[in-house]
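1. return atomic coordinates for the entry below.
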Amino acid sequence: MTIPLILVVAVAENGVIGRDNHLLWRIKTDLGRFRRLTMGKPMIMGRKTFQSIGKPLPGRETIVLTRDTGFAAEGVHVAHTWEEAVAKGSELAARMGVDSVAVAGGAEIYALALPQVQSIFLTKVQAAPEGDAVFPDFDRSQFRETRREDHPKGPDDEHPFTFIDLERRH
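-> I've put the predicted structure just below:
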């Protein structure tokens, strides 16, 4: 049995999610949400995303999806196909006693995940930076919005933003 996938992403108004394998904003409140949503869960991410973070995030089992058959990193699980990553995530989630596997990017990984995700935890950043990584288009009608929460710019948040939670329709 496959355990549900949740997708966690911050997207600018123009669809940009990053440039040169880095986030383009500093929003501490969103980092806290990411931490809460992914803590204690298996988390699938691409190699470039993993390398931009530089190490496995504490309290999570990281699965790095890469086409590079020579890739290895301490403290992570490596998968070479999407199916392998999902199977490993499901296996780890069952072992850890959690109800979902988090998908944490980047753009290519989100594109693979979108047809299968049960929930999308989207942070819409009110900015339009130039970038080279864009969140893939998806059929929004397949999802219903379950929560929306606006946040102003603040001392730890350099742009206003909105948390939007989406659940797949059945």
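2. what about the strands in the chain?
-> 5-12, 16-18, 42-46, 61-65, 76-79, 101-103, 119-125, 133-134, 143-151, 161-168 (DSSP state E).
3. neighbouring strands - and their directions - for the second one?
-> Translated: strand 16-18. Using DSSP bridges, strand 16-18 pairs in its sheet with strand 133-134 (antiparallel).
4. give me the mean pLDDT for the strand it pairs with.
-> Mean per-residue pLDDT for strand 133-134: 96.
5. check stretch 143-156 too.
-> Averaging pLDDT along stretch 143-156 yields 97.
6. could I get that stretch in PDB with only the CA atoms?
-> Provided in PDB are the C-alpha atoms of stretch 143-156 (Å, rounded to 0.1, in the frame of the first residue of the first chain):
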ATOM      1  CA  PHE A 143      -8.100  20.100  -5.600                       C
ATOM      2  CA  ARG A 144     -10.300  22.000  -3.100                       C
ATOM      3  CA  GLU A 145      -9.000  24.700  -0.900                       C
ATOM      4  CA  THR A 146      -9.300  23.800   2.800                       C
ATOM      5  CA  ARG A 147      -7.500  26.700   4.400                       C
ATOM      6  CA  ARG A 148      -6.100  30.100   3.600                       C
ATOM      7  CA  GLU A 149      -4.200  32.400   5.900                       C
ATOM      8  CA  ASP A 150      -2.700  35.700   5.000                       C
ATOM      9  CA  HIS A 151       0.500  37.000   6.600                       C
ATOM     10  CA  PRO A 152       2.000  40.500   6.400                       C
ATOM     11  CA  LYS A 153       5.600  41.400   5.800                       C
ATOM     12  CA  GLY A 154       7.400  41.500   9.100                       C
ATOM     13  CA  PRO A 155      10.800  41.600  10.800                       C
ATOM     14  CA  ASP A 156      11.500  37.900  10.000                       C
END
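7. and that stretch, which residues are buried?
-> Neighbour counts over stretch 143-156 (16 or more other C-beta atoms under 10 Å) mark F143, H151 as buried. (Each C-beta comes from the backbone N, C-alpha and C, glycine too.)
8. give me the contact list for that stretch.
-> 26-29, 120, 157, 159-169 (C-beta atoms under 8 Å, 6 or more residues apart in numbering).
9. in PyMOL, how would I select just the buried ones from these?
-> Entered in PyMOL, the line below selects the buried ones among the contacts of stretch 143-156, by 16+ other C-beta under 10 Å:
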select buried, resi 27+120+157+159+161+163+164+165+166+167
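10. cool, thanks, signing off.
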